[in-house]
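Undergrad: structure, please.
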Amino acid sequence: MDLESISIKHTNDLEQSVTTILKTMRLAKLQEHPIYEALQEFEQELGKARQSRFDDTDKEFQGY
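TA: So this is what the prediction gives:
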């Protein structure tokens, strides 16, 4: 999935939304649902995209 073409605002909004959905699923004890794992992977991809963009704009803290 190409997350580089999505704006920073949309990336942040997506990451927050997915995090909220995952939290709600945990509270409802739906961790075994097939979509749960897919959402976890998507959350990780969004986090990596955010970190990559930060590293690209601030070379001093690359990989922090």
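Undergrad: from here on, just use CA atoms for contacts and neighbour counts.
TA: OK.
Undergrad: biggest helix in the protein by residues?
TA: helix 34-57 (DSSP state H).
Undergrad: tell me how many other residues crowd residue 5.
TA: Residue 5 has 8 neighbouring residues, counting by other CA atoms under 10 Å.
Undergrad: pass me the low-pLDDT residue ranges in this protein, would you?
TA: Residue ranges of the chain with pLDDT under 70: 1, 55-64.
Undergrad: mind redoing it with 90?
TA: Applying pLDDT under 90 to the chain picks out residues 1-8, 48-64.
Undergrad: and the longest helix of the chain, what does it pack onto?
TA: On a contact count with 3 or more CA pairs under 8 Å, 6 or more residues apart in numbering; DSSP states H and E, helix 34-57 meets helix 8-27.
Undergrad: extract the CA atoms of the helix it packs on and return them as CSV.
TA: Output of helix 8-27 as CSV, limited to C-alpha atoms (Å, rounded to 0.1, in the frame of the first residue of the first chain):
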residue,chain,number,x,y,z
ILE,A,8,0.1,14.0,6.6
LYS,A,9,-3.2,15.0,8.1
HIS,A,10,-5.0,12.0,6.6
THR,A,11,-2.2,9.7,7.7
ASN,A,12,-2.5,11.0,11.3
ASP,A,13,-6.3,10.8,11.2
LEU,A,14,-6.2,7.2,9.9
GLU,A,15,-3.7,6.2,12.5
GLN,A,16,-5.8,7.7,15.4
SER,A,17,-9.0,6.1,14.0
VAL,A,18,-7.4,2.6,13.6
THR,A,19,-6.0,2.9,17.2
THR,A,20,-9.4,3.8,18.5
ILE,A,21,-11.0,0.9,16.6
LEU,A,22,-8.4,-1.6,18.0
LYS,A,23,-9.0,-0.3,21.5
THR,A,24,-12.7,-0.7,21.2
MET,A,25,-12.3,-4.2,19.8
ARG,A,26,-10.1,-5.2,22.7
LEU,A,27,-12.6,-3.8,25.2
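Undergrad: buried residues in that helix, which are they?
TA: Residues 11-12, 15, 18-19, 22, 25 are the ones in helix 8-27 that count as buried (16 or more other CA atoms under 10 Å).
Undergrad: and what of stretch 35-52?
TA: Buried, per 16+ other CA under 10 Å, within stretch 35-52: 36, 39, 42-43, 45-46, 49-50.
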